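In: With the sequence up front, the predicted model follows.
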Amino acid sequence: AMVNSGLINHGWSYINIDDCWMRKPGSNDPVIGEPVRDENGRILCNDKFPDMKALTDYIHDLGLKTGIYIGPGPTTCQSYEASWQHELLDAQQFAEWGFDYLKYDWCGYSQVSGNQTQQDLQRPYILMGNILKDVGRDIVYSLCQYGWGEVWTWGEEVGGNCWRTTGDINDSWSSMARIGFEQAQLHSYAGPGHWNDPDMLVVGKVGWGPNLHDSNLTPDEQYTHISLWCLLSSPLLIGCPIEQLDDFTKSLLTNDEVLDVNQDPLGQQARRISRQNDIQIWSKDMADGSIVTGLFNLNDYKPQEVTLSWDLLELEGHYRVRDLWRQKDMGDYEKAYTVQVPSHGVILIQLFKN
C-alpha cells in the first residue's frame, strides 16, 4: 500500500510494527501464549508474525525501512513479553531481523522502576541506548515515556533520536491543538538526529482494530495538524490504514512543498513569534534562506484576518509570498502580508527574498 498509493514517492519510508507481535506471559491462548522465549532466552513472535526476517526482507525489497516496538519492563502496554533483563538479546535479535527503527515504550517498566525520579526515568533508556551502539546496525532510537521528566532535556544524551513529549493524541481539536501548540517552548532541543515527537498523525480513518472511523478533525483542523507538525520538525507517523486513503487524506500526506518544511535539512523547529488572543504565528528558518510561517486561527467560531508584519520577522524589503497548501505564488509584498484564516485553520506561507 505504501508503494501502490505513491506515498513512497513523497518521502514516507518506514513501516513500523507496534505492540502485540510477541507472545503473552501467562496466557493459555495457543496463538499468543507460552513459551515467550526459547531455551536461549531469545524472544519469540506470535503466530501472526511467523517469519520476522522474511517480513523485513520483503519490506526492504520494496525500497522501504521498517521499525519494531518493545518496552524496557517485564511486559508491554498490552501485557505482552517485553525486554526486562533481556535487553541485549532483544537488541541483537532486532538487528539480526533487519529492523531500522525501535520504539521503546515505558509502560510495564513502572512495575520495576521503583520511583520516577529523573534518574529512574533515564535508566532503561541509557541501557538500551548503549546496547544499540554495538549491535552492528543503524537503528533509529525512539523514546516513548510520554514527556515525563522533561525528556527533551536529556533524550539526546542517552542516545535518543526522537522522544515523545506528550501523552497519546486523539482525533479531537482539543487534544491535537493542546499537544501541538504546547510544543512552543521546546524548539531549542530539536535538531538533526534528535527530535521532539508530539505523537502520530490523526488524519484519515483512525481508531483501534476493526473499529475505525473518519477523523473527527474538520478539514481545516487537519490542515492545522499537518502544518503544525511540519513546522515542528516532528517525526511524521501515519496513524491510519494507508490502503484505505481517501483523496483528501492522500493530498494532505503528499504535498511536497509542505513536507519539505518538515524535512528541511537545517532541522530547525519553528518558534512561536506572536500570540494575540486566538491568533498564533509560528516561524521556521529554512536551509535555503527562506522563512516558512504558519498563521493559525484558534477561534472556535469565526474566520479572522491576520496580518504578518515584516517587523515581526525582523525583515526588510520585498518578499515573494507562496501559499504552500495551494502551491501558488500570492505576489510580491514589501512590509506585510494580510490574509483571511478560517476558524481552527491555518495559512502556511513561505517567504523568499526578492
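Out: That came through, no problem.

In: Would you mind finding the longest helix in this protein?
Out: The longest helix of the chain (DSSP state H) is helix 118-132.

In: Quick check: next helix or strand after it?
Out: strand 140-144 (DSSP states H and E).

In: helices or strands next to that following strand in the packing?
Out: Helices and strands touching strand 140-144, by 3 or more CB pairs under 8 Å, 6 or more residues apart in numbering; DSSP states H and E, are strand 101-105, helix 118-132, strand 162-164. For glycine as for every other residue, the C-beta is placed from the backbone atoms N, C-alpha and C.

In: can you list the residues that contact the last one?
Out: When contacts are taken as CB atoms under 8 Å, 6 or more residues apart in numbering, the neighbours of strand 162-164 outside the stretch itself are 140-147, 151-152, 155, 194-199, 235.

In: Show the residue spans covered by the helices in this protein.
Out: So, for the chain - with DSSP H - the helices run 52-61, 87-97, 118-132, 173-181, 219-231, 247-253, 256-263.

In: quick one: strands adjacent to the lowest-mean-pLDDT helix or strand in the chain?
Out: Within the chain, no helix or strand scores below strand 205-208, which has a mean of 90 by mean pLDDT, DSSP states H and E. In the sheet, strand 205-208 lines up against strand 211-214 (antiparallel) (DSSP bridges).

In: Give me the distance between the closest residue in space to residue 41 that isn't next to it in sequence and residue 169.
Out: Spatial nearest neighbour of residue 41, chain neighbours left out: residue 89 (5.3 Å); criterion: CB to CB, 6 or more residues apart in numbering. Counting by CB to CB, to the nearest Å, the gap from residue 89 to residue 169 is 32 Å.

In: higher neighbour count, those two?
Out: The residue with more neighbours, out of residue 89 and residue 169 and counting by other CB atoms under 10 Å, is residue 169; that gives 20 against 16.

In: Identify the residues contacting residue 205.
Out: 212, 213, 214, 215, 240, 241, 244.

In: same check, this time on residue 33
Out: Counting by CB under 8 Å, 6+ apart, residue 33 has contacts 23, 24, 27.

In: Just the buried positions in the least confident helix or strand of the chain, please.
Out: Neighbour-count burial for strand 205-208, counted by 16 or more other CB atoms under 10 Å, picks out 205, 206, 207.

In: thought the second one was touching residue 215?
Out: Looking back up the chat, that one is residue 206. Yes - using CB atoms under 8 Å, residue 206 makes contact with residue 215 at a distance of 5.3 Å.

In: Mutual contacts of those two, please.
Out: Contacts common to residue 206 and residue 215, judged by CB under 8 Å, 6+ apart, are 171, 240.

In: Residue 36 reaches residue 44, doesn't it?
Out: Yes - at 6.1 Å, residue 36 and residue 44 qualify as touching, with contact defined as CB under 8 Å.

In: more crowded one of the two?
Out: Neighbour totals were compared for residue 36 and residue 44, and residue 36 leads with 20 against 14 (other CB under 10 Å).

In: The more buried one and residue 110, how far apart?
Out: From residue 36 over to residue 110 (counting by CB to CB), the distance is 20 Å.

In: same deal with residue 259?
Out: From residue 259 to residue 110 the distance is 37 Å (CB to CB).

In: So for these two, which sits in the more crowded spot?
Out: Neighbour count, other CB under 10 Å: between residue 259 and residue 110, residue 259 has more, with 19 against 12.

In: In this structure that one contacts residue 9, no?
Out: No - using CB under 8 Å as the test, residue 259 is too far from residue 9 to be in contact (11.0 Å).

In: Who are the contact partners of residue 36?
Out: Applying CB under 8 Å, 6+ apart, the residues contacting residue 36 are 22, 23, 24, 25, 43, 44, 81.

In: Quick check on it: phi, psi?
Out: When quoted as degrees, to the nearest 10, the phi and psi of residue 36 stand at phi -90, psi -20.

In: ok, back up a step: of the buried residues of strand 205-208, which is the nearest to residue 292?
Out: Nearest to residue 292 among those, counting by CB to CB, is residue 206 at 26.9 Å.

In: Great, nothing more from me.
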